[in-house]
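Participant: Okay, sequence plus prediction incoming.
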Amino acid sequence: MKNIKLGKWILYIRRNFQQRILSFLGITGSLFIFQACYDTPQDFNPDTLISFEGSVKSEDTRESVSDIEVKLSLSNEYDLLSTHTDENGRFIFDIIAESPDDSYDISINDIDGEKNGSFRSSNKSLSAENKSENITILLKRKN
C-alpha cells in the first residue's frame, strides 16, 4: 500500500466501507422481509410451556373416576383442549401460554351417565403463573 497514492488509498477505503455497509443492510433487510412474510416470533420463550395434570375422584369414596370429559378453556372465552380421564381418573394438558397473566378454566362433565356413576359437573380456575400444576378434582354424585 506504500505505492498507492493517498487519494487512491482514501477512495479504496471509502469503497470498501460502502460495500460492507450495503452488504450488512442487505442481510438485515432480507431478514426483516423474511420475518414479515413468515411471522417468525421474535420473543419466543420456551419457558412458556405449561402443564396442567390431575385426577378426578369421587368425593364420597375417593376412588378414581374414568371416562370423564375434561375441557381446558382460556378464561371461559373458548375451549383450547378436550380429553377424557383414563382408567385411573388421570388427565393432562400441555400448552404454550401466550402470556404469564393468562388464566384458564377446567370444566369436568360426566357424559356417559350411569356407566361410571352419575356425577355433577364441576369447574376449576387455574393460572399460568405456575408452569406445572397437579390438580385433584372431587366430584359429587347426582342425587
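Facilitator: Yes, it's here.

Participant: wait, what's in contact with Glu98?
Facilitator: Thr48 (CB atoms under 8 Å, 6 or more residues apart in numbering). To be clear about C-beta, it is placed using only N, CA and C from the backbone, and glycine gets the same treatment.

Participant: measure Leu72 to Ile111 for me?
Facilitator: To Ile111, Leu72 is 16 Å away according to CB to CB, to the nearest Å.

Participant: Give me the more crowded residue out of those two.
Facilitator: Leu72 (18 against 10; other CB atoms under 10 Å).

Participant: State the pLDDT value of the more buried one.
Facilitator: Note on Leu72: pLDDT of 89.

Participant: Please parse this structure into its domains.
Facilitator: Using automatic domain parsing, the domain parsing of the chain gives 1-40, 46-139.

Participant: I'd assumed Ser82 was in contact with Val70.
Facilitator: Yes - assessed by CB atoms under 8 Å, Val70 is found in contact with Ser82 at 7.2 Å.

Participant: Looking at the two, which one has more neighbours?
Facilitator: Shown here are Val70 and Ser82; by other CB under 10 Å, Val70 has more neighbours (24 against 14).

Participant: show me what contacts the more buried one?
Facilitator: Val56, Ser82, Thr83, His84, Thr85, Phe91, Ile106, Ser107, Ile108.

Participant: Bridge partners for the last one, pull those for me.
Facilitator: The reference is to Ile108. Val70, Ser122 (DSSP bridges).

Participant: Please apply the same query to the third one.
Facilitator: The bridge-partner assignment for Thr83, based on DSSP bridges, gives Val70.

Participant: For it, give its distance to Lys142.
Facilitator: 22 Å.

Participant: ditto for the last one
Facilitator: From Ile108 across to Lys142, the span is 13 Å (CB to CB).
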